[in-house]
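1. Please find the sequence and the predicted model below.
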Amino acid sequence: MILPGRRGAGSGTSLERGILSSADWRQRRIRWLVRFVHIVTLVILLMVGLGPILWMLKSSVTPTLDTLRQPMALWPNGFDLTQFATAWNKVHIDRYLFNTVAIAFGSWAVQIIVATTAGYALSVLRPRFSGLLTGLVIATLFVPPIVLLVPLYLTVVNVPIVQWRMIDSFWAVWLPAGASALNVILIKRFFDNLPREIFEAARVDGAGPFRLFWSIVLPMSRPILGVVSVFAVIATWKDYLWPLLVLRDPELQPLSVRLPILAPTTDLGVFIAALTISSLIPIGLFLLFQRLFLRGAGLSGAVKG
Amino acid sequence: MGSITDVAPARELTVRHRAARFRVTRDGLSTLAFLLPFLVIFGVFAWFPILRAFVMSVQDTNLVSEPIFVGLENFQRVLADPLFGIAIRNTAWFAILALVFGFPIPIILAVVMSEVRRYRGVYSALAYLPVVVPPVVSVLLWRFFYGASPNGVFNTILGWLGLGPLPWLQSAATAMPSIVIEATWAAAGATVIIYLAALVGVRPELYDAAEVDGASIWQKIRFITLPQIRNVLFVTLLLQLIATAQLFTEPLLFTAGGPANSTMTVLLLIYKYAFQNSLGGDYGMAAALSLMLAAFLAVFTAGYYWLTRRWSVDS
């Protein structure tokens, strides 16, 4: 008997098996128990994982008074789509969303440029001191970010040598984002595993280091660039403390910095609509690139381990 | 690509390959060009600030006057601050609570989910969804959920069960557990995915062998599954402890350290020293405290590795 959903269920040692054996699956009592546990888990995950997000969606179209009086009512009494319009136009969520996108895009670009060029130099070109440089990158992985907070802030207030005050410019977020040790390590490891023969063949055919980087190494690294990109965008979207410190001008602040400031003075329904707008892009990215996200989560766990 | 894979005879290739490699490694200028963005960015925004943290911790620094060397005075002032002990106690309390809530839940979820045969992707997506909600949004949303009146979201749910209402963030006793629940909700999904990846690596023969010995399902989990992913469990436990020691956004936005300093964490204290000081930032004290935290975490990590390695060898 082939059990439902069991891909190529065989007897004895099958590669597909988990904790439960096919003999276990064949026992009716165990099968029902396992199904019961799975359904309970699914219901809990739906309520806990999706519940708060659904609540947010519902409350962003529910008039404020209803949300206050009966926050757990299943269905909104009246739809109030104007709350989105108010959040967008009057609370200037459009402006802050634009800032967030601009900050995320710039940070992404800086991270990709730094990590790919560094990974290429350390893994493929391998200058004499590349071992030392790799060691220095790994060392920064072990420094808790909080140690950097204050000295990094003072650096951004006045960049040494060039005497550049970066406060209240997006560069203050973009450039420090590039110093991500995890990105460099992930990309270097990926380049380490690319077949050397192809590089040699390209060199034999007369490709210089720039040509090799642009036409061969980069196109072969799409999978890892996808993972790093998704994480770069999500991490910047999530960041709160750093933009709070370096972007004081409200005109430049991203959503994460503006939302807590707006909370006390904004009508609740409008505010929840603003929260919904702020979450749409990260949740949308996740739904689109689920595989990348889940692979990346496993990957970063493997590196830290 | 066709021309690239058309390679010359083997012998000629090795000679030319050496020559090519020699040329590229000697081509210092282009290597430097590739290293330049990395060296500048890491130099200015990683290595230099790390060194500067050590220098600042023994200086009296503000943005106005020249820094003065003060020896260990910053460290002494931190140790003498009554908030220091409170912050340590709160952070430790948070770590313990986060361990109680946050450590077993992802393990249980991952073990159950690893046996799901159909739609496992739906389970993973649901578990991971809270991780992608921006933390500021989650905190502001949950701040409303934690409304202390009987009409608050969670108090309404408790009301259905005939419990509550709880004061949640309003009382010193329940504020920290409330923060822990939200933080667990926001982070558990990422850990579940890591465990799921580890569970795939458990060799099926081990289960087969255990079944020959008549092991029950529970015994298989207890004596095969958990020991097999033990190393991953040890590492995530450590990472979780390190992350809890650096809790910031949640206590700042939920309670700003209150009520009655019951959620004042070490990071919040560093932030307060540096950026919430009406007399201008006390950067020396902030640097001193952050180095003390880093030193503690380093010693803790070393001790933890030593202990877990002994356990791994023992069994």
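-> Good, I have the coordinates.
2. And chain B, what are its domain boundaries?
-> B:8-57, B:81-314 (automatic domain parsing).
3. Any idea which of those gets closest to A:Leu244?
-> Nearest to A:Leu244 among the domains of chain B is domain B:81-314 (8.9 Å), distances taken as Cβ to Cβ. Where C-beta positions appear, they are placed from N, C-alpha and C, glycine not excepted.
4. Quickly list the domain ranges of chain A.
-> Split by automatic domain parsing, chain A gives A:22-79, A:91-265.
5. Out of the ones you listed, which is the most enclosed?
-> Greatest average neighbour count among the domains of chain A goes to domain A:91-265 (a mean of 19), per mean count of other Cβ atoms under 10 Å in any protein chain shown.
6. average model confidence for that one?
-> In this model, domain A:91-265 has an average pLDDT of 91.
7. gap between the two ends of it?
-> Here the two ends of domain A:91-265 are set 10 Å apart, with distance taken as Cα to Cα, to the nearest Å.
8. before we move on, the earlier item: now the domains of chain A as JSON lines including distance to chain B?
-> Formatted as JSON lines, the domains of chain A follow (distance: least, Cβ to the nearest Cβ, whole Å):
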{"stretch": "domain A:22-79", "distance to chain B": "4"}
{"stretch": "domain A:91-265", "distance to chain B": "3"}
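9. any chance you could map the strands in the stretch 51-200 of chain B?
-> B:59-60, B:68-69 (DSSP state E, counting those that start in this stretch).
10. Which among those strands is found nearest to B:Leu79?
-> Closest among those, using Cβ to Cβ: strand B:59-60, at 16.6 Å.
11. Burial-wise, tell me which of the strands of the stretch 51-200 of chain B comes out on top.
-> Mean neighbour counts for the strands of the stretch 51-200 of chain B (mean count of other Cβ under 10 Å) peak at strand B:59-60, with a mean of 19.
12. Give me the mean pLDDT for it.
-> Mean predicted lDDT for strand B:59-60 stands at 88.
13. Would you mind finding the longest helix in chain B?
-> helix B:283-314 (DSSP state H).
14. same question but for chain A, I mixed them up
-> Chain A, longest helix under DSSP H: helix A:93-120.
15. now the angle between helix A:93-120 and the helix or strand that comes right after that helix, please.
-> Going down the chain from helix A:93-120, the next helix or strand is helix A:130-141, by DSSP states H and E. Angle, helix A:130-141 to helix A:93-120, by axes from the mean of the first three to the mean of the last three Cα atoms, to 10 degrees: 150 degrees.
16. what residues does the following helix or strand past helix A:130-141 touch?
-> Later in the chain than helix A:130-141, the nearest helix or strand by DSSP H and E is helix A:145-157. Identification of contacts with helix A:145-157 by Cβ atoms under 8 Å, 6 or more residues apart in numbering or on different chains yields A:165-167, A:172, A:176, A:241, A:245-246, B:44-46, B:48-50, B:52-53, B:56, B:61, B:63, B:246, B:267, B:270, B:274, B:281, B:283, B:286-287, B:290-291, B:293-294.
17. And for stretch B:135-148?
-> A:52, A:55-56, A:71, A:238, A:240, A:255-256, A:259-260, A:263, A:268, A:271-272, A:275, A:278-279, B:130, B:152-155, B:165-170, B:178, B:182, B:185-186, B:249-250, B:253-254.
18. Now it - C-alpha only, PDB.
-> Output of stretch B:135-148 as PDB, limited to C-alpha atoms (Å, rounded to 0.1, in the frame of the first residue of the first chain):
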ATOM      1  CA  PRO B 135      10.200  44.700  14.000                       C
ATOM      2  CA  VAL B 136       9.000  48.200  14.500                       C
ATOM      3  CA  VAL B 137       5.600  47.300  12.900                       C
ATOM      4  CA  SER B 138       5.300  44.200  15.100                       C
ATOM      5  CA  VAL B 139       6.200  46.100  18.300                       C
ATOM      6  CA  LEU B 140       3.700  48.900  17.500                       C
ATOM      7  CA  LEU B 141       1.000  46.300  16.600                       C
ATOM      8  CA  TRP B 142       1.600  44.200  19.700                       C
ATOM      9  CA  ARG B 143       1.700  47.400  21.900                       C
ATOM     10  CA  PHE B 144      -1.900  47.700  20.900                       C
ATOM     11  CA  PHE B 145      -2.600  44.000  21.500                       C
ATOM     12  CA  TYR B 146      -1.300  44.400  25.000                       C
ATOM     13  CA  GLY B 147      -3.900  47.100  25.800                       C
ATOM     14  CA  ALA B 148      -4.400  46.900  29.600                       C
END
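19. ok now that stretch, how far from the chain's centre?
-> 21 Å (Cα atoms, centre = their mean, to the nearest Å).
20. do stretch B:93-108 as well
-> 13 Å.
21. for stretch B:272-279, same thing?
-> The chain centroid and the centroid of stretch B:272-279 are separated by 26 Å under Cα atoms, centre = their mean.
22. May I see the buried residues of it?
-> Neighbour counts over stretch B:272-279 (16 or more other Cβ atoms under 10 Å in any protein chain shown) mark B:272-275 as buried.
23. Now render the residues you listed as JSON lines, adding pLDDT, secondary structure and distance to A:Asp24.
-> Formatted as JSON lines, the buried residues of stretch B:272-279 follow (pLDDT from 0 to 100; DSSP: H, G, I helix; E, B strand; the rest coil; distance: Cβ to Cβ, whole Å):
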{"residue": "B:Lys272", "pLDDT": "91", "secondary structure": "helix", "distance to A:Asp24": "56"}
{"residue": "B:Tyr273", "pLDDT": "90", "secondary structure": "helix", "distance to A:Asp24": "58"}
{"residue": "B:Ala274", "pLDDT": "91", "secondary structure": "helix", "distance to A:Asp24": "58"}
{"residue": "B:Phe275", "pLDDT": "89", "secondary structure": "helix", "distance to A:Asp24": "58"}
